[in-house]
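Trainee: please find the sequence and the predicted model below.
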Amino acid sequence: MGEDVCYQPPVGYVDEPYMYVYDAFQAGLTDGGTYLNQTVQITGDYDFVLRRIVGLDSVIAPTGQFRWRGPNGENTSNAPVTVGTAQRDQLVLPEVVFPRTSQIAFDLYNTQRRYANGNNALVPVYQSQIGFAGVRRRQHGVMPTAGNFRRIPYQTLLTLQAYGQPAVIAAGAGGFGPQSVGNALTASLTIDNYDLEVCMLQFVDTNSLQTGAGVIPNGLNYFAVTLYNSALSALTSGYVLSQFVSDGVPFGPVSLGTPGQVQSNTVVSPTLYSIGALVPPLVYPKETQFRVSAVSLMGNASVPYLWSPTTASLNILLTGFQRIPC
Amino acid sequence: MLTIDGFDYNINYRALCGYYDSAILDQLDAIRKTNNYQPKYYAVPESGSVVVPAYGAYEYQVQVMRGTVIWGFVFYNASGAYSYNIFDSLTGRVASDGVLSSGTSPSQWQGQVIFPTAYFVDAAGLLSVEIGSLASTDSTVNTLQMVLLCLEPVKGCVDLCQ
């Protein structure tokens, strides 16, 4: 399947990868509850084309259920469907267009928010989100696929370094999630030679200073991130778990480790969600910037987390093409 | 050249001629962008309280809209092994059948199982689902559900299709 037969938006429209995120902590959910008619609001500037729903297992218990509704309010299932591990990553076929200012509505049955600090529930760091992935579509544009150029494969690595959560989070104060963290770090890559077409991202954690007890269990995230396009417009509606936008497939051998053991060069959540591709690819013209912002989901050593690495790096592997004019 | 176009976000996917994934995704390509269909899921059983007896079977008939297409399923089972059979009630034509074993890891069957060919349900709109237990103990509540992944004609389009 070459580019010539790849999906193209309708003539006169431009697609851009986008993800709306529903954060269970921010929504004020509690575990074991049933929450009907939860909504994610589609912004007023773009239509949204829904193609995938990820992260259900981070919000709903293994025996919990989920049901979502289309743009006209119609239920998409005859009954709430059990999530388990089987439905945590749902492909939406056919794609569903949500007009601007509409809502994605859904019901949650038997919630169970995922959090990152193991058995210590005093200050849980919630990693409990549902990501609605697809594209946002706007009129009056041209897809940046036209022009005379040839593609040269390109790959580069950006590194973010982060420390534990701010110490203002006191033990026993409740919890927090990605959207409540203020200290974001930003990595950027200035495109100074040829236009860059970014096709996929891989987030690789490096935790050289961890000790045996300081490891986030497998399947959890060190970071929540947001991406930006060449106009520095965010491509997620908030900070999303890095596993939602990172392809977990490693390049070559990777030590996955197990909880309680030191990990190194671990690709984030290698098997949870296979969603690392940017569809359609993001094009960054010369003299613009590729940018990623990240917030740390790690605990500070001053509060009693089971894991509290003193430092960790987030390596962002960009894969794509340089466009050489011809 | 990466072969990603939004339908399957998996970057491991390669459009290799003759391979199963390529073939079935190619068949579904025609319907993924249709605007006269909408996604519809049918949960069988609807209630999580259903128990399938050891070596017994659970049978269910799903009434779907005329013109519905079924393209895959998801089978959630926390433990035990089951056989399944999805067929058109009117014609008896089998859409899919097989044996699903959770074994020690239910994640073996996570995700959608996509049919080799999308199946148009007959005009009667009745699908039968049989789930047979291969386990020596009864299933427990809330541990078993098959979700049929369908495309349903958008209201108003049905008559135009006749």
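Mentor: In hand now; what should we look at?
Trainee: CA atoms for contacts and neighbours, from now on please.
Mentor: OK.
Trainee: now stretch A:25-32: mean pLDDT?
Mentor: Average pLDDT, stretch A:25-32: 89.
Trainee: er, stretch B:120-135 I mean
Mentor: 88.
Trainee: kindly check the end-to-end length of it for me.
Mentor: Chord length of stretch B:120-135, first to last residue, is 32 Å (CA to CA, to the nearest Å).
Trainee: is residue B:25 in a helix, a strand, or coil?
Mentor: helix (DSSP: H, G, I helix; E, B strand; the rest coil).
Trainee: so what's the residue count around it?
Mentor: Using other CA atoms under 10 Å in any protein chain shown, residue B:25 is surrounded by 18 other residues.
Trainee: got the confidence number for it?
Mentor: Reported pLDDT for residue B:25: 72.
Trainee: how about residue A:291?
Mentor: Per the predicted model, pLDDT is 90 at residue A:291.
Trainee: so which strand or helix has the closest residue to residue A:49 other than its chain neighbours?
Mentor: Spatial nearest neighbour of residue A:49, excluding adjacent residues (CA to CA, 6 or more residues apart in numbering or on different chains): residue A:97 at 4.4 Å. Element membership for residue A:97 (DSSP states H and E) is strand A:89-98.
Trainee: in its sheet, what does that strand sit against?
Mentor: strand A:47-54 (antiparallel) (DSSP bridges).
Trainee: neighbouring contacts of the strand it pairs with?
Mentor: A:42, A:88-100, A:130-138, A:244, A:273, B:6-7 (CA atoms under 8 Å, 6 or more residues apart in numbering or on different chains).
Trainee: the same query, at a cut-off of 7 Å, please.
Mentor: A:88-92, A:95-100, A:130-138 (CA atoms under 7 Å, 6 or more residues apart in numbering or on different chains).
Trainee: pLDDT of that strand, averaged?
Mentor: 91.
Trainee: same question for stretch A:229-249.
Mentor: Rounded mean pLDDT across stretch A:229-249 is 82.
Trainee: and stretch A:89-103, by the same measure?
Mentor: 89.
Trainee: which parts of it are buried?
Mentor: Using 16 or more other CA atoms under 10 Å in any protein chain shown as the test for burial, stretch A:89-103 gives A:89-100, A:102-103.
Trainee: let's have those residues in TSV, adding distance to residue B:133.
Mentor: Shown next, in TSV, are those (distance: CA to CA, whole Å):
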residue	distance to residue B:133
A:89	26
A:90	26
A:91	28
A:92	30
A:93	30
A:94	32
A:95	35
A:96	36
A:97	40
A:98	41
A:99	44
A:100	47
A:102	44
A:103	41
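Trainee: farthest-separated two in these?
Mentor: For those, the maximum inter-member distance is 24.4 Å, found between A:89 and A:100 (CA to CA).
Trainee: from residue A:133, how far out is the nearest residue to residue A:54 once chain neighbours are set aside?
Mentor: In space, and not counting its chain neighbours, residue A:54 is closest to residue A:89: 4.5 Å by CA to CA, 6+ apart. Going from residue A:89 to residue A:133 by CA to CA gives 11 Å.
Trainee: low-confidence regions, chain B specifically.
Mentor: Within chain B, the segments meeting pLDDT under 70 span B:1-19, B:21, B:78, B:101-111, B:142, B:156-162.
Trainee: for it, which segments count as strands?
Mentor: B:37-44, B:57-63, B:69-77, B:81-88, B:94-101, B:113-120, B:126-133, B:144-153 (DSSP state E).
Trainee: please name whichever of the ones you listed is nearest to chain A.
Mentor: strand B:37-44 (4.3 Å; CA to the nearest CA).
Trainee: hey, C-alpha coordinates of the closest one in CSV?
Mentor: Extracted in CSV, the C-alpha atoms of strand B:37-44 (Å, rounded to 0.1, in the frame of the first residue of the first chain):
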residue,chain,number,x,y,z
TYR,B,37,-22.5,3.0,7.9
GLN,B,38,-21.8,3.5,11.6
PRO,B,39,-20.0,1.3,14.1
LYS,B,40,-22.2,-1.0,16.2
TYR,B,41,-21.1,-3.5,18.8
TYR,B,42,-23.3,-6.3,20.1
ALA,B,43,-22.4,-7.8,23.5
VAL,B,44,-23.2,-11.4,24.0
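Trainee: neighbouring contacts of it?
Mentor: A:76-79, A:81, A:92-94, B:145-154.
Trainee: just stretch A:188-203 next, same as before
Mentor: So stretch A:188-203 is contacted by A:246-248, A:267-268, A:276-278, A:281-292, A:314-324 (CA under 7 Å, 6+ apart).
Trainee: show me those that map onto helices.
Mentor: Members of those lying in helices (criterion: DSSP state H): none.
Trainee: which ones among these are found in strands?
Mentor: A:267, A:277-278, A:281-284, A:289-292, A:314-324.
Trainee: near chain B too, which of the residues you listed?
Mentor: residue A:277 (CA under 7 Å from any CA of the partner chain).
Trainee: and the ones in strands among the contacts of stretch A:188-203, which of them are buried?
Mentor: Buried among those (16+ other CA under 10 Å): A:267, A:277-278, A:281-284, A:289-292, A:314-323.
Trainee: can I see the domain layout of chain B?
Mentor: B:1-33, B:35-154 (automatic domain parsing).
Trainee: so of those, which one's packed in deepest?
Mentor: domain B:35-154 (a mean of 19; mean count of other CA atoms under 10 Å in any protein chain shown).
Trainee: thinking again about what came up before, in TSV, list the strands of chain B along with distance to residue A:16.
Mentor: Rendered in TSV, the data for those read as follows (distance: least, CA to CA, whole Å):
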stretch	distance to residue A:16
strand B:37-44	22
strand B:57-63	38
strand B:69-77	27
strand B:81-88	38
strand B:94-101	36
strand B:113-120	27
strand B:126-133	38
strand B:144-153	25
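Trainee: returning to what we had before: would you reformat the domains of chain B as a markdown table and include distance to residue A:57?
Mentor: Output for the domains of chain B, formatted as a markdown table (distance: least, CA to CA, whole Å):
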| stretch | distance to residue A:57 |
| --- | --- |
| domain B:1-33 | 19 |
| domain B:35-154 | 12 |
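Trainee: minimum distance to residue A:59: which of those domains has it?
Mentor: So among the domains of chain B, domain B:35-154 is nearest, using CA to CA, at 17.1 Å.
Trainee: residue A:114 and residue A:56 touch, don't they?
Mentor: No - if you go by CA atoms under 7 Å, residue A:114 and residue A:56 don't touch, sitting 10.2 Å apart.
Trainee: so the two - more neighbours on which side?
Mentor: Ranked by neighbour count (other CA under 10 Å), residue A:114 and residue A:56 place residue A:56 first, with 26 against 22.
Trainee: what sits closest to the more buried one if chain neighbours are left out?
Mentor: Closest to residue A:56 by CA to CA, 6+ apart is residue A:88, at 4.7 Å.
Trainee: what's that neighbour in contact with, if anything?
Mentor: Listed by CA under 7 Å, 6+ apart, the contact set of residue A:88 reads A:54-57.
Trainee: just checking, which of those belong to strands?
Mentor: residue A:54.
Trainee: name the nearest of the contacts of residue A:88 relative to residue B:68.
Mentor: residue A:54 (25.3 Å).
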